[in-house]
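Q: dropping a prediction and its sequence here:
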Amino acid sequence: MRLRRRAAGFTLVEVMVTVFVVAIGLLSAAALQAVSKKAAFDAVQRSSANALAQDLIERMRGNRAQLKLYFGSDGSSQTVSAASPPGAQTCDSSSACSAAQLAAHDLYQWWLGLEGVSEQVLEGSGSGATRSSAGGLRSPTGCLSREKDSCRVVVAIAWRGMSRISQGDPDDPEDPTNNSCGQASDNLNADYEWDAGSEQSYRRVLVVEANLGEGRSCP
C-alpha cells in the first residue's frame, strides 16, 4: 500500500502574521534611530555651547582689567543674537590692540563661534557655488551678566533644540531654563517658538558661572 506524504509549508495566515511582526520591528527600529539622531544632535550642540562658554570665560580672564567692557554700556549685562550682533573688530598679532579693542574682538570672535562662521561648506559648483556656515549652534543667543564691579560672571547660551521642553521650573533653582537668555518675551529669537499654552519651546540653555577675581578686583 502506497503512503501519502503530508504537504509541508506555511499557510497564508502564518505568512501574513510573520510579515506583520517583521514590519512592526522595522518601524520600531526606524523610530529608535530617529530618536537617537535627535539625542546625538542635542548632545553635540550642548558640548559646543559649553566649549564656547569656556572660551569666552578664558578670554575675559586674560583681559580682566577691562572686564566691564564685555558687559555692555552699564558694565553689567550684554546680549548677542542675530537681532543684535556685536560690531566687527580685528585684533591679531600683526597689530597692537588696546584692552578695549581686545574686548570687542573677543565678543566678535565669540559671536562668530556661536554662528559657526569658522566652519564653512561649499554648496553648488562653478560660478554659482556659495558658502554657508556648517558649525556653531542652531539659532544661538549669547548672554553675559554680572553684578557691577563683581568678578563673578555668568555666561548663558541659548539655542534651538530638536523638540519642545518645559521652560522655567521655580521648584528647581538649578534648571538652566530659569535663565532669561533667549526667552520669547525678549523678542530675541522667534525660532524658539514659545507655546504659551504648554509653556514649552525649543529653547535650550547652558549656564556657566565663573569667578575671575582670584583675589583681584574686577572693575
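A: Right, received. Where do you want to start? Numbering: from 1, shown residues only.

Q: and the strand ranked longest in the chain, which strands flank it?
A: The longest strand of the chain (DSSP state E) is strand 152-166. Strand pairing for strand 152-166, using DSSP bridges, gives strand 141-146 (antiparallel), strand 200-211 (antiparallel).

Q: pLDDT of the longest one, averaged?
A: Just to be clear, that refers to strand 200-211. Averaged across strand 200-211, the pLDDT comes to 94.

Q: for the longest helix seen in the chain, enumerate the helices and strands it packs against.
A: Taking DSSP state H as the criterion, the chain has its longest helix at helix 12-62. When contacts are defined as 3 or more C-beta pairs under 8 Å, 6 or more residues apart in numbering; DSSP states H and E, helix 12-62 packs onto helix 99-115, strand 152-166, strand 200-211. Heads up, the C-betas are built off the backbone N, CA and C, glycines and all.

Q: would you mark the buried spots in the shortest one?
A: Going by neighbour count (16 or more other C-beta atoms under 10 Å), the buried part of strand 200-211 is 200-208, 210.

Q: okay, it in PDB with CA atoms only?
A: Once non-C-alpha atoms are left out, strand 200-211 reads as follows in PDB (Å, rounded to 0.1, in the frame of the first residue of the first chain):
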ATOM      1  CA  GLN A 200       7.200  74.900  26.300                       C
ATOM      2  CA  SER A 201       9.500  75.900  23.500                       C
ATOM      3  CA  TYR A 202      12.500  74.600  21.500                       C
ATOM      4  CA  ARG A 203      14.900  76.800  23.600                       C
ATOM      5  CA  ARG A 204      17.800  75.000  25.300                       C
ATOM      6  CA  VAL A 205      20.000  76.900  27.700                       C
ATOM      7  CA  LEU A 206      23.500  76.400  29.100                       C
ATOM      8  CA  VAL A 207      24.600  78.500  32.100                       C
ATOM      9  CA  VAL A 208      28.200  78.700  33.200                       C
ATOM     10  CA  GLU A 209      29.300  80.800  36.200                       C
ATOM     11  CA  ALA A 210      32.900  81.700  37.000                       C
ATOM     12  CA  ASN A 211      34.800  83.800  39.500                       C
END
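
Q: so that it lines up with my notes, have the first residue be 55 from now on.
A: That works, and once the first residue is 55, the last one we named lands at strand 254-265.

Q: what does that strand contact?
A: 96, 99-100, 103-104, 107-108, 111, 115, 205-221, 230-231, 233, 235-238, 243, 245-249 (C-beta atoms under 8 Å, 6 or more residues apart in numbering).

Q: ok, now the longest one?
A: Judged by C-beta under 8 Å, 6+ apart, the contacts made with helix 153-169 from elsewhere in the structure are 106, 109-110, 113-114, 117, 119-120, 123-124, 132, 134, 139-145, 151, 172, 187, 190-191, 194, 196, 211.

Q: of these, grab the buried ones for ChimeraX.
A: A single ChimeraX command is used to select the members of these judged buried by 16+ other C-beta under 10 Å:
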select :106,110,113,114,117,120,123,124,132,134,140,143,145,151,190,191,194,196,211
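
Q: which ones among the contacts of helix 153-169 map onto strands?
A: Using DSSP E, the contacts of helix 153-169 in strands are 132, 134, 187, 196, 211.

Q: from residue 254, how far out is the fourth one?
A: It refers to residue 196. 22 Å (C-beta to C-beta, to the nearest Å).
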